[in-house]
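A.B. asks: I would like the atomic coordinates for the input below:
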Amino acid sequence: MGKYRLGDIICMTRKSLSITQEKLSEGICSVETLSRVENGKQNPSRDTYELLMERMGRSRERSYSMMSISDYDILEKMKLFEDHINLYEYNRAEKILDEIKKTLINTNLNKQYLLKSETIINYRLNRITAEEFLERLEKAILLTIPQYGKISLAGWPLNFHEVGLMLNISSAYAQNKNYIKAIDILEDANSVMKQSYMDEQQRALLQATISNNLSKWYGLIGEYEKAIEVAKEGIMVCKRHRLGHVLPNLIYNLVWNKEQLIDKGVLPPERKKECISYLKQTYYLACAMQQPFIEQFMIEHIKTVYGDIQANLIIY
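C.D. replies: Numbering: from 1, shown residues only. The predicted structure is shown next:
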């Protein structure tokens, strides 16, 4: 979960809406008090905080119900749920989610988590259409950000789960071939990640995932150089923070976009050797990270683009 002071949340939200301190504080507190709160020199009372956030269209319970989970068992189940999702084990994930439902208290953020998780499972198990997938994800984010879709979220103090939800929504737009919209959402999320308030490791994980998806979508609209640049940024984040599970996808995106530039004559054919080398690294990384789907995908890609001989070389 992203960690913020209340003053940070107020300041970032106010600036994202281009509201002056004078306008925000009018009738609630003095401008001097608001300034001290935003600078971290004074904590606001709960009433003051809620009134300020309500004036900016934010949920009352936002900061006081940030999925306040101290139960280790619930946290472990949430992690296990995510592991099953990442391994495409959706039926197992659904069973874990049923256990989580019995324990979570009834807050907007918890409702958001459950709605998002149920939506992902139902879509992956072909129970809902791509249109319904997107509709339910956007319904989930409206639970904590009522102004979603009306304003840019680039400067908002989003928490870890809200940024994850933006990633899901972006993917839903991409599923519908609306790559421009998918990119716009992720660029907003990327801007949030450049803020210094979120926990460093959580921020790194989100940055790597955002870079992975952005490099895909930029490549699919033909902006190959931009896609390569974004993939390299993600790879550096993974190396700096030792995030091995995202790295194979980022390297593959780097290679795929370089292959497109080679095919178009922008890069010389000799660069194919470099691409093969990267693909081999990706295959071995996937093996080390126990990602059989990516292992097989790499083999199939090498067979298709470079022939059976190259594919056999990485296996034997």
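A.B. asks: can I assume residue 29 is in contact with residue 42?
C.D. replies: No. Checked against C-beta atoms under 8 Å, the pair residue 29 and residue 42 is beyond contact range at 10.0 Å. For glycine as for every other residue, the C-beta is placed from the backbone atoms N, C-alpha and C.
A.B. asks: Who has more neighbours out of the two?
C.D. replies: Using other C-beta atoms under 10 Å as the criterion, residue 29 and residue 42 rank with residue 29 on top: 20 against 15.
A.B. asks: Not counting sequence-adjacent ones, nearest residue to that one?
C.D. replies: residue 48 (5.5 Å; C-beta to C-beta, 6 or more residues apart in numbering).
A.B. asks: next one: residue 172
C.D. replies: Residue 172 sits nearest to residue 134 (C-beta to C-beta, 6+ apart), 3.9 Å away.
A.B. asks: What score does that neighbour have for pLDDT?
C.D. replies: In this model, residue 134 is scored at 95, pLDDT.
A.B. asks: Residue 248 and residue 33, how far apart?
C.D. replies: Taking C-beta to C-beta, to the nearest Å as the measure, residue 248 falls 51 Å from residue 33.
A.B. asks: The two: which has the busier surroundings?
C.D. replies: residue 248 (26 against 16).
A.B. asks: got the buried residues for the longest helix seen in the chain?
C.D. replies: Of all the elements of type helix in the chain, the one with the most residues (DSSP state H) is helix 200-220. Residues 202-220 are the ones in helix 200-220 that count as buried (16 or more other C-beta atoms under 10 Å).
A.B. asks: What of stretch 130-150?
C.D. replies: 133-134, 136-137, 140-141, 143-145, 148.
A.B. asks: Check those residues against residue 22 and report the nearest one.
C.D. replies: residue 145 (24.9 Å; C-beta to C-beta).
A.B. asks: if I read this right, that closest one contacts residue 152, doesn't it?
C.D. replies: No. Between residue 145 and residue 152 there is no contact under C-beta under 8 Å: 11.5 Å.
A.B. asks: Quick check: which element contains residue 267?
C.D. replies: Here residue 267 sits in a region with no helix or strand, counting by DSSP states H and E.
A.B. asks: Find me the pLDDT at it, would you?
C.D. replies: Residue 267 is assigned a pLDDT of 96 by the prediction.
A.B. asks: list the contacts for it?
C.D. replies: Contact analysis of residue 267 by C-beta atoms under 8 Å, 6 or more residues apart in numbering lists 258, 261.
A.B. asks: so after the longest helix of the chain, what's the next helix or strand?
C.D. replies: Immediately after helix 200-220, counting by DSSP H and E, sits helix 224-241.
A.B. asks: How about that next one, which residues are buried there?
C.D. replies: 224, 226-235, 237-238, 241.
A.B. asks: and if you look at stretch 175-190?
C.D. replies: Of the residues in stretch 175-190, 179, 181-186, 188-190 count as buried by neighbour count, 16+ other C-beta under 10 Å.
A.B. asks: Report the rounded mean pLDDT for that stretch.
C.D. replies: 93.
A.B. asks: Other residues contacting that stretch?
C.D. replies: Against stretch 175-190 from outside (C-beta under 8 Å, 6+ apart): 130-131, 133-134, 152-154, 158, 163, 166-167, 169-171, 173-174, 206-207, 210-211, 213-214, 217-218, 220-221.
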